[in-house]
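Asker: build me a structure from this.
(chains A and B)
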Amino acid sequence: MPLLRPPTRALGHLKPSIRRHRAAKRHIRTLSTAPVPTSQLQPHVEGIPLSMRALYGKKTHKRIKAIPSPPSAHNICPTPLATITASQLSVLDPTGARTRLFAKTNPDAAKVGDVLLVRFRSGDPFAGVCLNIRRRGVDTAVLLRGNLTRVGVEMWVKVYSPNVEGVEVVQRRERRARRARLYYLRQPKHDIGSVENLVRQYNRRKAILGTADAKTASATAGKKKSKKNRKL
Amino acid sequence: MPPRIPSPWDAHTPRLLLPRPIGPRQSKRGIKSIYPPRFNRFNSGKDLPILSSTPEAALKRKEFTIPPRTGALATKVGMTALYDPVTAKRVPCTVLQLDRVQVVAHKTVKKHGYFAVQVGAGSKNPSNVTRPLLGHFTEANVSPKRFVAEFRVKGKEGLLGVGETITAGWFKEGQFVDTRSNSRGMGFAGGMKRWGFSGQPASHGNSLTHRAMGSAGASQGSGSRVLPGKKMAGRMGNKRVTIQNLKVLKVDEPNGLVVVNGAVSGPKGCIVKIQDALKKPWPEITVPPVVETAQPATV
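Answerer: Alright, predicted model coming up:
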């Protein structure tokens, strides 16, 4: 029946081309080459299909030039915290006296174990033994332990706070403390107790000598009490 | 088969039936655009409301909380305090330093579906930057950056020019900012430290289990399984933390310093994203910030 042709018949005209293709393939498969030294090998561009040739070209990358970096903020301001602190201290402590009083480099600085008197802009002064000095730039603070109504009281005083009018050394410790923090002074065995008498004596002496003569007073008082009348 | 010479007959043939072009095929890479969105006959017509699940609706909804201008990347330097010499009020503060912050690229609605400014900070040795990334930086005419982050902006007006520098003066004293940074990593932490579990008693017959988590859940009643999201021991910290509404106390433009009130999450030296506070009125920047205008490179 001519109307019911097999469906493969429609593709029949492809047969010769498929056969030719197969023949070509066999030809490639049986291709043999004589050994050629690697030094003489040539890029076989002819063997590469046209569509792939671009991929086999010489690899040339255009060099990307990096833009040079602008100056680093770290070079301009390597220690930002010190910069901020310095700008603060120029206002809070223009003479630098308080910085010197608690500087580690200053041999005459206030040390732990000294009795300090802090006078505030508002309210009563507070005196006590210095247990700890916390050096943190503008946040520098000292821990004082004194007595109020016979009760041991400790107080952290921010040294650079504008509320603090002055810090005075009432009495120096006889020998340098061998600890950085004298927390053992909290124990009843070591507690110094009230420093009221020391402060009273100190105030009396100061009144006699006068604040103007503070320098001579400190000179006469000897090395141990050299900073005694320093008003900061 | 050699390539056929196109005949005038080919001009009218559909492209599909024509022989394929010769040469290596170029694959397109990159983010697929969602703009314009696909046509949908159910979603187009006159006087139809914008559907709430479309990108346009999402952009409109978020417009209120997206800042009009970009933020900046900064390094956390550390904490200190500022004193008011008159009132003697002490304010704890965090110092942030802006280091070579430059605009690297833009994200646009047309191409990416949203508006954002890609900002880079710091610097990197060019030999340590991959070629594609180096090209990205060089095209923007900026040096290779160590940190790159995106800041979403409301509209086209917020796209600060590519290659422009953001200095500390970008922020105004007294304005409020939000900071985002990764918190300090605590490592593997138990339930007590990580979630504040109360642990178990020290005595009353307890033996060797004082900091244990206890039970992870009920048995049959709740399915004899551990419910998803159960708080357990694991890696703690090193997660992004946003601190909102920090007041800018001080700006030191030549040194690149921005001092904000209070604490910022993360260790010293960590990278911090600063942007105008979402929950405060946008700052009124009257004077346009001084920026170095760089000509975009022609690559």
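Asker: what about the helices in the chain?
Answerer: No chain specified, so I'll use chain A. With DSSP state H applied, chain A shows helices at A:15-29, A:73-76, A:80-92, A:97-101, A:196-209, A:214-220, listed in chain order.
Asker: wrong chain, I was asking about chain B
Answerer: Assigned by DSSP H, the helices in chain B fall at B:55-62, B:109-112, B:131-139, B:191-195.
Asker: pLDDT on the second one, on average?
Answerer: Helix B:109-112 shows a mean pLDDT of 86.
Asker: now stretch B:248-267
Answerer: 96.
Asker: now the end-to-end length of that stretch.
Answerer: Taking C-alpha to C-alpha, to the nearest Å, the first and last residues of stretch B:248-267 lie 20 Å apart.
Asker: off-centre distance for it?
Answerer: 19 Å (C-alpha atoms, centre = their mean, to the nearest Å).
Asker: does it reach chain A?
Answerer: Yes. Stretch B:248-267 lies within reach of chain A by C-beta under 8 Å from any C-beta of the partner chain, at B:250, B:252, B:254, B:255, B:256, B:257, B:259. For glycine as for every other residue, the C-beta is placed from the backbone atoms N, C-alpha and C.
Asker: surely the last one and residue B:94 touch.
Answerer: What it means is residue B:259. Yes. Under the criterion of C-beta atoms under 8 Å, residue B:259 makes contact with residue B:94 at 7.2 Å.
Asker: ok so, going back, got the helices of chain A as JSON lines, with mean pLDDT and distance to chain B columns?
Answerer: Formatted as JSON lines, those follow (pLDDT from 0 to 100; distance: least, C-beta to the nearest C-beta, whole Å):
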{"stretch": "helix A:15-29", "mean pLDDT": "75", "distance to chain B": "9"}
{"stretch": "helix A:73-76", "mean pLDDT": "91", "distance to chain B": "4"}
{"stretch": "helix A:80-92", "mean pLDDT": "95", "distance to chain B": "5"}
{"stretch": "helix A:97-101", "mean pLDDT": "95", "distance to chain B": "13"}
{"stretch": "helix A:196-209", "mean pLDDT": "93", "distance to chain B": "24"}
{"stretch": "helix A:214-220", "mean pLDDT": "42", "distance to chain B": "26"}
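Asker: now residue A:125. Nearest residue, chain neighbours left out?
Answerer: Distances taken as C-beta to C-beta, 6 or more residues apart in numbering or on different chains put residue A:119 closest to residue A:125, at 4.3 Å, once the chain neighbours are dropped.
Asker: correct me, but the one you found touches residue A:170?
Answerer: No. With contacts counted by C-beta under 8 Å, residue A:119 stays clear of residue A:170, the gap being 11.6 Å.
Asker: who's more crowded, those two?
Answerer: residue A:170 (22 against 16; other C-beta atoms under 10 Å in any protein chain shown).
Asker: who touches that one in this structure?
Answerer: A:114, A:115, A:116, A:117, A:127, A:195, A:198, A:199, A:202, A:228 (C-beta atoms under 8 Å, 6 or more residues apart in numbering or on different chains).
Asker: tell me which of these fall in strands.
Answerer: A:115, A:116, A:117, A:127 (DSSP state E).
Asker: how many neighbouring residues does the second one have?
Answerer: Residue A:116: 22 surrounding residues under other C-beta under 10 Å.
Asker: a markdown table for the residues of stretch B:248-267 next to chain A, including neighbour count?
Answerer: A markdown table is the format used below for the residues of stretch B:248-267 next to chain A (neighbours: other C-beta atoms under 10 Å in any protein chain shown):
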| residue | neighbour count |
| --- | --- |
| B:250 | 20 |
| B:252 | 18 |
| B:254 | 11 |
| B:255 | 18 |
| B:256 | 26 |
| B:257 | 22 |
| B:259 | 24 |
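Asker: distance of residue A:96 relative to residue B:280?
Answerer: Per C-beta to C-beta, to the nearest Å, residue A:96 is found 39 Å from residue B:280.
Asker: which residues of the stretch 151-299 of chain B lie near chain A?
Answerer: B:165, B:250, B:252, B:254, B:255, B:256, B:257, B:259, B:297, B:299.
Asker: need the residues of chain A near chain B, please.
Answerer: Within chain A, the positions adjacent to chain B are A:50-52, A:54-55, A:61, A:64-74, A:76-77, A:80-81, A:83-85, A:88, A:91-92, A:121, A:136-139, A:158, A:160-163 by C-beta under 8 Å from any C-beta.
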